[in-house]
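K.L.:
need coordinates for the below:
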Amino acid sequence: MIKIGGLVRAFNQIRATLQTGIAVAEQDQFRRQVRQIIREVEEICAGHGHPSRVLPGPSRMAYQFLKNIDLDNLPLRDETSPGGPTGSPEGGPVSSVRIRNVVGIAESVSRQVWLNHNQLANSPPHFAEMLALLRQHTATIDGICREQGQTPAALEARTRVAYTYLSFAAGESNMRSILAALARAADAARGYSFPAGQPLMIDLLGMNSLWRFRQQNNVLVLRASLGFINAEADIWRALLATIFRRGSVRERQQITEFTMSEDFSDILFEVEALAAPPTPVTRGRVYDLAESFARVNQLYFAGRMDQPILCWNQTLTSRKFGHYQPSRDTIMISVSLDSPQVSSLLLDFVMYHELLHKRHGCQVVNGRRIAHTAAFRADERLFRDWQRAEQELTRLATRLASGR
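P.N.:
You can find the predicted model right below:
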């Protein structure tokens, strides 16, 4: 599997530029930037003797997004608008809250959780102490943001990712899931022969990449995305094999399939929603989420559904295309749908699906959350042409997963 650092970050920056519009004088520079990134990706793939479809899922979809930009018809920014060249998409000020050491705090907490995961799982006092620490950190960050008239959505990118990890881990059920995941990872690592007998540390963190590995002070450090929270021991074994001995074709395929699964994407959506802007920009490059909500609300809820916070996510997905976060009443839609190759019917179907989650909520059966109940599925089939929408969704997922 070929890794290209910074590709997903570049995608996010370019997508944001497309949303705000491009100044007339900056068109040529923007085109050169996009073409250069595409050329570099293709050169790296050619140098490894592989096509672009072997890139990790997020990188492959970022590359496909860039390839599909119509560089001859770029969205231009209105230079006379109140926001001017430096304004936000809504004409408001662009701001970023800077708080020192949040990334360091998140990494330190993650390290403590790994080193003490057995004790935390079996000692209620230690578990409660860790939750209190996490909530104290998030409350402090929330307070600093409020003092500046902002929310955590305005945090600098790396700080925002660290904040969402702390906020997610501060939830009791989420922390128990993290501890269970680390226990499975530890079981997978037990008996594994690591280079020079060095110890392994696993940080389960919020991060833009799937995983990173490095040696630090004679310790092997594996930083894995929170999306691995649902990974079973066989996935952890395949990941360790991929890192330390390149892994077999089957093991690499296991990792690819898992990181493209709904279980993986669902966690990333949930974590990202924790720092969703309170008044986000609903207009994407092609579609406006507010318009989709209005259509769906009128057709299927007689206009009576209260509008939740609507926002696009920051990560291309190929299996899961939306997420409803009840605690913040937020629907987050995958930017994979903000494409001229996607029909408005498909976007409305995903919007309807997430609004049904808002309406039905979740049932808990034997300690397991069940969101897609029989009543939910019955209502889902009330969507016009729901079978065609399901087929379109399956075709889109297959196309994105294959990189075509």
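
K.L.:
pull the longest helix from this structure.
P.N.:
Ranked by number of residues, the top helix in the chain under DSSP state H is helix 124-147.

K.L.:
can you name every helix or strand that the very next helix or strand once past that one contacts?
P.N.:
Counting by DSSP states H and E, the element after helix 124-147 in chain order, helix or strand, is helix 157-169. In terms of contacts (3 or more Cβ pairs under 8 Å, 6 or more residues apart in numbering; DSSP states H and E), helix 157-169 is packed against helix 102-115, helix 124-147, helix 172-189, helix 262-273. C-beta: built from backbone N, CA, C; applies to glycine.

K.L.:
now helix 157-169, how far from the chain's geometric center?
P.N.:
A distance of 12 Å separates the centroid of the chain from that of helix 157-169, by Cα atoms, centre = their mean, to the nearest Å.

K.L.:
begin at 415 from now on, thanks
P.N.:
Will do, 415 is the new start, and the previous item becomes helix 571-583.

K.L.:
who touches residue 541 in this structure?
P.N.:
Residue 541 makes contact with 534-535, 589, according to Cβ atoms under 8 Å, 6 or more residues apart in numbering.

K.L.:
please report phi then psi for residue 447.
P.N.:
phi -60, psi -50 (degrees, to the nearest 10).

K.L.:
residue 428 is in contact with that one, correct?
P.N.:
Yes - contact between residue 447 and residue 428 holds when scored by Cβ atoms under 8 Å: they sit 7.4 Å apart.

K.L.:
residue 770 contacts residue 789, correct?
P.N.:
No - using Cβ under 8 Å, residue 770 is not in contact with residue 789, being 9.3 Å away.

K.L.:
straight-line length of stretch 633-645, end to end?
P.N.:
23 Å (Cα to Cα, to the nearest Å).

K.L.:
average pLDDT across that stretch?
P.N.:
In this model, stretch 633-645 carries a mean pLDDT of 89.

K.L.:
buried ones in that stretch?
P.N.:
634-645 (16 or more other Cβ atoms under 10 Å).

K.L.:
can you convert the residues you listed into JSON lines and add a column each for secondary structure?
P.N.:
Listed next are the buried residues of stretch 633-645 as JSON lines, based on DSSP: H, G, I helix; E, B strand; the rest coil:
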{"residue": "634", "secondary structure": "strand"}
{"residue": "635", "secondary structure": "strand"}
{"residue": "636", "secondary structure": "strand"}
{"residue": "637", "secondary structure": "strand"}
{"residue": "638", "secondary structure": "strand"}
{"residue": "639", "secondary structure": "strand"}
{"residue": "640", "secondary structure": "helix"}
{"residue": "641", "secondary structure": "helix"}
{"residue": "642", "secondary structure": "helix"}
{"residue": "643", "secondary structure": "helix"}
{"residue": "644", "secondary structure": "helix"}
{"residue": "645", "secondary structure": "coil"}
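
K.L.:
which residues of this protein fall in strands?
P.N.:
Along the chain, counting by DSSP state E, strands occupy 614-619, 625-630, 633-639, 723-726, 736-739, 744-747, 777-779, 782-784.

K.L.:
what's the most buried one of those?
P.N.:
Comparing the strands of the chain by mean neighbour count (mean count of other Cβ atoms under 10 Å), strand 744-747 comes out on top with a mean of 26.

K.L.:
what is the rounded mean pLDDT of that strand?
P.N.:
Average pLDDT, strand 744-747: 90.

K.L.:
using PDB, write out every CA atom in that strand.
P.N.:
Provided in PDB are the C-alpha atoms of strand 744-747 (Å, rounded to 0.1, in the frame of the first residue of the first chain):
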ATOM      1  CA  THR A 744     -26.200  17.600  14.000                       C
ATOM      2  CA  ILE A 745     -26.500  15.800  10.700                       C
ATOM      3  CA  MET A 746     -23.100  15.500   9.000                       C
ATOM      4  CA  ILE A 747     -23.000  14.500   5.300                       C
END
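
K.L.:
give me the helices and strands touching it, please.
P.N.:
For strand 744-747, the packing partners by 3+ Cβ pairs under 8 Å, 6+ apart are helix 676-687, helix 703-715, strand 723-726, strand 736-739, helix 758-774.

K.L.:
give the buried residues for the first one.
P.N.:
To tie it back to what came earlier, the one meant is helix 676-687. Quick answer for helix 676-687 (16+ other Cβ under 10 Å): 677-687.

K.L.:
let's have these in CSV, adding distance to residue 432 and pLDDT.
P.N.:
CSV is the format used below for these (distance: Cβ to Cβ, whole Å; pLDDT from 0 to 100):
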residue, distance to residue 432, pLDDT
677, 30, 76
678, 26, 82
679, 23, 78
680, 27, 78
681, 27, 84
682, 22, 82
683, 22, 82
684, 26, 83
685, 24, 86
686, 20, 81
687, 22, 80
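
K.L.:
tabulate those residues (TSV), appending distance to residue 513.
P.N.:
Below are those laid out as TSV (distance: Cβ to Cβ, whole Å):
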residue	distance to residue 513
677	32
678	29
679	28
680	28
681	24
682	23
683	24
684	23
685	18
686	19
687	20
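
K.L.:
ok, residue 525 touching residue 618?
P.N.:
No - applying Cβ under 8 Å as the test, residue 525 and residue 618 come out as separate, 10.5 Å apart.

K.L.:
which among the strands of the chain is found nearest to residue 435?
P.N.:
strand 723-726 (15.9 Å; Cβ to Cβ).

K.L.:
list the pairing partners of that closest one within its sheet, with orientation.
P.N.:
Sheet pairing here is set by DSSP bridges, and for strand 723-726 it gives strand 744-747 (parallel).

K.L.:
give me the neighbour count for residue 488.
P.N.:
By other Cβ atoms under 10 Å, 18 other residues sit near residue 488.

K.L.:
ok, residue 595 next?
P.N.:
Using other Cβ under 10 Å, residue 595 has 21 neighbouring residues.

K.L.:
related to what we said a few turns ago, of residue 770 and residue 789, which one has the most company?
P.N.:
Set residue 770 next to residue 789 and count neighbours by other Cβ under 10 Å: residue 770 wins out with 21 against 12.
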